[in-house]
Every structure is written in structure tokens, then in C-alpha cells.
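Peer 1: Kindly return the folded structure for what I paste below:
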Amino acid sequence: MLKLRALSRADVPLLDSRERPERAGEFNDFGPSSDPGGLEGVLTTGLVPGSEMGYLVVEVDGEVAGSVSWHTVSYGPNYQSRCPNIGIALLPSWRGLGYGSPAQRMLADYLFATSSAQRVEASTDVANVAEQRSLERAGFTREGVTRCAQWRAGAWHDVVTYARLRADA
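Peer 2: Got it, this is the predicted structure:
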């Protein structure tokens, strides 16, 4: 059974890719974090529903499979023009097993239930076809490509943006 839950101190060594960079994978290689607190910082801040950013653990049958997270992006100066942009990072042994789509669907449902967001979006590298399929299976619609939007692994990368609207749910 798949569920999302809060991060615990015991999860940090397993999930913090700063400690084990190979866990990040090809499309999550953002280099050293600009946040010196890392996941320990997430524990300290006690992120709550409606926060500008958040982090939840993906658990399958009692085992940690990875994490989902979000940060707020803005399309205008007013509060109503903001929406969460989500991401997923499954541990290598859990990738390709079909858990990404339901985890991302659950996260979008959670964000709609705990915020006034009208859209939840996700962006992924144009070469990350597996994640694009996962987002589509999770009910997200492909919206377009943003060129040179992401600095990762020492180079600029184009990303594909997907979104799910509250009305789509």
C-alpha cells in the first residue's frame, strides 16, 4: 500500500542525496544544495499544509520508497497567481515499478485539499520520458517546453511543464 507521510529523523540518512549523490539520479543532479540544512532543515521548519514549500516521504508497504516535494511558483504579483510545482525522487530500487504516478496524483490531491491552489504543476527535463509518462498517468496535461529553464549537472536544460487543474480532479 502506497502512502505519503511526514519526514522523520530516521528517514534523513536514507533520503538525503547530499550524503549519497548516486541516489539523486540523472535528472535530479542539482549539485550541492544551497540550503545548508538539507533534510534536517525540513525537520526543523516543521512545514505545514499551505506552506510555500513542503516535503513528504513516499512509503510502500511500510518501506521508504522516496519523497515528493513542492515549491511555490508565481505567475503574477497577487497571491491567487501562485501555485505549487511538484517533484518526485524515488530511491533507485523503487524506480520503474509504477509508484511514481500514484504518488504524484496523491500529492496533487493533498495540495488541492489543503490549499486554495487552482493548479498544481510539474516540470521535467525534455529527455525524461519516463517522468513525462508518469505525470500523464497521474492526470497531468502537457503544456509546453520552456527553454534553458533549469541549471543542472553543469549545463542548461529545457523542461516540459505539466499541470493538473482543480477542475480536472
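
Peer 1: Surely Asp168 and Glu121 touch.
Peer 2: No. Using CB atoms under 8 Å, Asp168 is not in contact with Glu121; the gap is 11.9 Å. (Each C-beta comes from the backbone N, C-alpha and C, glycine too.)

Peer 1: Give me the more crowded residue out of these two.
Peer 2: Glu121 (22 against 13; other CB atoms under 10 Å).

Peer 1: wait, what's in contact with the more buried one?
Peer 2: Val73, Cys83, Pro84, Asn85, Ile86, Phe140, Glu143, Thr161, Tyr162, Ala163, Arg164 (CB atoms under 8 Å, 6 or more residues apart in numbering).

Peer 1: So the fourth one versus Ala108, what's the distance?
Peer 2: Between Asn85 and Ala108 the distance is 11 Å, computed by CB to CB, to the nearest Å.

Peer 1: do the same with Val12
Peer 2: 25 Å.

Peer 1: Check Asp11 too.
Peer 2: In terms of CB to CB, Asp11 sits 22 Å off from Ala108.

Peer 1: Of those two, give the one with the bigger neighbour count.
Peer 2: Relative neighbour count places Ala108 above the other of Asp11 and Ala108, with 29 against 19, counting by other CB under 10 Å.

Peer 1: and that one, that's in a helix?
Peer 2: Yes. When DSSP: H, G, I helix; E, B strand; the rest coil is applied, Ala108 is found to be in a helix.
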